[in-house]
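Q: how does the following fold in three dimensions:
(one chain, ligands or ions: 2)
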Amino acid sequence: MKVSPSIISAKLEDLGSEIAKCVEGGATSFHLDVMDGHFVPNLTMGPDLVKAVRRCTDLDLEAHLMLQNPDKYYRKFIDAGASIPLIHLEAPINTGLLLKKITNEGNRFGIVINPETPLEKALPFLEDASLLLIMSVHPGFSGQKFIEDAVDKIREARSYIDRHKLETSIEVDGGITLDTAKICRDAGADIVVSASYIFSGEVTEKVRLLTRL
Ligand code: DX5
Ligand code: ZN
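A: Numbers count the residues shown, from 1 in each chain. Ligands and ions are numbered 1, 2, ... in the order given. Model (predicted):
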């Protein structure tokens, strides 16, 4: 299983060593939860923190943009060192247009769907997306409980991607523990995001346990 630790729950005063522990445990990318206080009821990081993370690792950095205006800000995150912006289909903008723009600029993108958004909404964009992020909590806070309905969505996405021979990876975000990660893997997920599970204990070991699934 590929593992993308979300640094939202890392000890920020020790960010460099927290990242190094994740890399030692076999993390395959890092997940940066960007929240604007409008699209979700919480505020987190901006491009400067992404720059700091970029100085600590060469792994892919996913910028999970929980923003009302991802079209206005995605470029700042790419310039700061993010490898791939993850765009919510629920953002109140013309997401199709934005995704085309990102591709035309030579960048990869991922698409994100909230628990209440049906997979059908994502299908038109799947072929061009490097990854599909299925939310298994309502975005905004770490430490929430995994919403089981996500499992059917992962299964459906796996079968669609395989049937159409697409290369899109399936990633799951929210409430991931060793148990829920196993369920996601069995349903066909490629990558799990985890914040509170990884950073609430022995970080290297937690990442290693997830990667060994
Ligand atoms: C939720 C974020 C997640 C979250 C994960 O809004 O997108 O990345 O922080 O946290 P855990 O793993 O604690 O559910
Ligand atoms: Zn996230």
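Q: what pLDDT is listed against Thr95?
A: On the pLDDT scale, Thr95 is placed at 96.
Q: I meant to write Asp60 there.
A: So Asp60 comes in at 98 (pLDDT).
Q: from Ile113, how far out is the residue nearest to Asp36 when sequence neighbours are not counted?
A: Leaving out its chain neighbours, the residue that sits closest to Asp36 by C-beta to C-beta, 6 or more residues apart in numbering is Leu67, at 4.6 Å. For every residue, glycine as well, the C-beta is placed using N, CA and C. Going from Leu67 to Ile113 by C-beta to C-beta, to the nearest Å gives 16 Å.
Q: which strand or helix spans the nearest residue to Gly81 once chain neighbours are set aside?
A: Once flanking residues are discounted, Gly81 sits nearest to Arg54: 3.0 Å by C-beta to C-beta, 6+ apart. Using DSSP states H and E, the element containing Arg54 is helix 47-56.
Q: ditto for Val3
A: Counting by DSSP H and E, Val3 is found in strand 2-5.
Q: CA atoms of that strand as PDB?
A: What follows is strand 2-5, C-alpha atoms only, in PDB (Å, rounded to 0.1, in the frame of the first residue of the first chain):
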ATOM      1  CA  LYS A   2       1.300   3.500  -0.800                       C
ATOM      2  CA  VAL A   3       1.100   5.900   2.100                       C
ATOM      3  CA  SER A   4       0.800   9.700   2.000                       C
ATOM      4  CA  PRO A   5       1.200  11.100   5.600                       C
END
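Q: hmm, the helix or strand just after that strand in reach of ligand 1?
A: Counting by DSSP H and E, the next helix or strand C-terminal to strand 2-5 is helix 15-25. No: figure legend: helix 15-25 not in contact with ligand 1 (C-beta under 6 Å from any ligand atom); closest approach 13.2 Å.
Q: Ser196 versus Val137, what's the distance?
A: 11 Å.
Q: scratch that, Phe125
A: Phe125 is 29 Å from Ser196, by C-beta to C-beta.
Q: the helix or strand Met35 falls within near ligand 2 at all?
A: Met35 is located in strand 29-35, with elements delineated by DSSP H and E. Yes: for strand 29-35, a contact with ligand 2 is found by C-beta under 5 Å from the ion, at Asp33.
Q: summarise which helices and strands that strand is packed against.
A: Packing contacts for strand 29-35, counted by 3 or more C-beta pairs under 8 Å, 6 or more residues apart in numbering; DSSP states H and E, involve strand 2-5, helix 47-56, strand 60-66.
Q: got the residues of this protein near ligand 2?
A: Looking at ligand 2, the residues of the chain close enough under C-beta under 5 Å from the ion are Asp33, His64, Asp173.
Q: do that again at 6 Å, thanks
A: Contact residues (C-beta under 6 Å from the ion) of the chain with ligand 2: Ser6, His31, Asp33, His64, Asp173, Val193.
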